[in-house]
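[1] The sequence isn't on hand, but the structure is:
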Ligand code: G1P
């Protein structure tokens with residue numbers, strides 16, 4: 001297992017092969033990762049988060065119907081030339097943002113056999129060093145530095161580090177759940193067990209895995225031997241549980257910042273409104289409209305006129 005003080009993580013893996021069935025029909029032809037959050041695809045926020053944390057070498061694990069993702073992170077010479085000709089510097093900068101933010105590479109998953117299987121496709125890209133995995137449905141506010149904190153914990157303790165959020169016991173069956181030992185330091189816990197989407201009454205705690213991981217490369221050998229688990233899929237959670245059983249260090253960073261689940265319709269809408277209302281360009285007008293709109297809303301249960 002990677003020891004503390006070893007090479008820091010430099011690479012990020014973003015699995016984007018999911019079908020996005022929760023957003024049908026919007027996601028019939030458009031990858032769910034490209035649905036806009038205000039004016040940027042959700043996925044661009046994720047790549048920016050990785051780059052901010054120093055992980056400028058990104059691999060996306062894609063699948064069928066995800067070609068538009070490759071186009072988004074690629075250059076668009078005709079569009080750039082058009083904007084240049086018009087002297088539209090702001091929009092040109094916006095177009096460049098998606099290509100300049102990181103070096104984005106792609107590999108195809110072939111068969112959708114689960115998150116663990118998607119991560120395994122990154123083995124040749126990652127090589128023998130720790131790396132991060134960021135799941136596209138979880139958007140972490142740019143003002144909260146979860147990934148940086150996780151990288152620091154990994155550099156200190158070695159092994160693997162996962163992000164945790166207390167989602168309440170009633171919601172834990174939608175997530176990977178963990179058993180923990182008392183905090184070793186503020187907000188950092190030692191993981192003693194993991195289980196993927198347990199029934200509420202069997203969950204080891206209300207602490208859920210949210211979509212950020214810093215993993216040791218040893219995870220790949222474990223994933224190769226991991227049998228399909230929950231839902232018949234090869235689960236990353238199960239591979240991490242194997243590492244814990246072998247006595248390898250797996251730590252959790254308990255997040256208390258702002259997270260938006262853009263894979264859920266209601267949370268997606270909240271994310272768009274919150275982020276837009278805080279922007280300098282859109283915020284003032286949106287906030288004043290929101291105040292007016294809310295004051296005119298009918299009470300819960302009544303239908304709008
Ligand atoms: C995946 C993981 C799960 C984790 C979740 C976070 O599940 O398997 O352990 O809690 O992401 O979003 P999915 O949401 O892909 O079913």
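    Right, received. Where do you want to start? Keep in mind it's a predicted model, so treat the numbers as computed, not measured.
[2] ok, the residue of the stretch 201-305 of the chain found nearest the ligand - contacts?
    The minimum distance from the stretch 201-305 of the chain to the ligand, using CB to the nearest ligand atom, falls at residue 209 (3.9 Å). In short, each C-beta sits where N, CA and C put it, glycine included. Shown in contact with residue 209 (CB atoms under 8 Å, 6 or more residues apart in numbering): 162-164, 175-178, 194, 237.
[3] Reformat these as JSON lines; add distance to residue 284 and pLDDT.
    As requested, the contacts of residue 209 are exported to JSON lines (distance: CB to CB, whole Å; pLDDT from 0 to 100):
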{"residue": "162", "distance to residue 284": "39", "pLDDT": "98"}
{"residue": "163", "distance to residue 284": "33", "pLDDT": "97"}
{"residue": "164", "distance to residue 284": "36", "pLDDT": "97"}
{"residue": "175", "distance to residue 284": "37", "pLDDT": "95"}
{"residue": "176", "distance to residue 284": "40", "pLDDT": "97"}
{"residue": "177", "distance to residue 284": "42", "pLDDT": "97"}
{"residue": "178", "distance to residue 284": "42", "pLDDT": "97"}
{"residue": "194", "distance to residue 284": "45", "pLDDT": "97"}
{"residue": "237", "distance to residue 284": "43", "pLDDT": "98"}
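[4] before we move on, the earlier item: for the residue of the stretch 201-305 of the chain closest to the ligand, which residues make a bridge with it?
    In this entry, residue 209 is beta-bridged to residue 164, by DSSP bridges.
[5] where does the chain dip in pLDDT?
    1-6, 184, 301-305 (pLDDT under 70).
[6] How about it: which residue is closest to the ligand?
    Nearest to the ligand, among the residues of the chain, is residue 176, at 2.5 Å (CB to the nearest ligand atom).
[7] you'd agree that residue is up against residue 193?
    No: assessed by CB atoms under 8 Å, residue 176 is found out of contact with residue 193, at 10.9 Å.
[8] For the nearest residue to residue 18 once chain neighbours are set aside, list the residues it contacts.
    Computed as CB to CB, 6 or more residues apart in numbering, the closest residue to residue 18 that is not its neighbour in sequence is residue 32, at 6.8 Å. Residue 32 is in contact with 18-20, 22-23, 26, 42, 136, 263, counting by CB under 8 Å, 6+ apart.
[9] Let me have those in JSON lines, extended by secondary structure, neighbour count and distance to residue 199.
    Shown next, in JSON lines, are the contacts of residue 32 (DSSP: H, G, I helix; E, B strand; the rest coil; neighbours: other CB atoms under 10 Å; distance: CB to CB, whole Å):
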{"residue": "18", "secondary structure": "coil", "neighbour count": "21", "distance to residue 199": "23"}
{"residue": "19", "secondary structure": "coil", "neighbour count": "15", "distance to residue 199": "25"}
{"residue": "20", "secondary structure": "coil", "neighbour count": "20", "distance to residue 199": "26"}
{"residue": "22", "secondary structure": "helix", "neighbour count": "14", "distance to residue 199": "21"}
{"residue": "23", "secondary structure": "helix", "neighbour count": "17", "distance to residue 199": "27"}
{"residue": "26", "secondary structure": "coil", "neighbour count": "12", "distance to residue 199": "31"}
{"residue": "42", "secondary structure": "helix", "neighbour count": "23", "distance to residue 199": "30"}
{"residue": "136", "secondary structure": "coil", "neighbour count": "25", "distance to residue 199": "27"}
{"residue": "263", "secondary structure": "coil", "neighbour count": "21", "distance to residue 199": "21"}
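[10] Any residues of the stretch 51-200 of the chain in contact with the ligand? List them.
    Within the stretch 51-200 of the chain, the positions near the ligand by CB under 6 Å from any ligand atom are 115, 135, 137-138, 175-176, 196.
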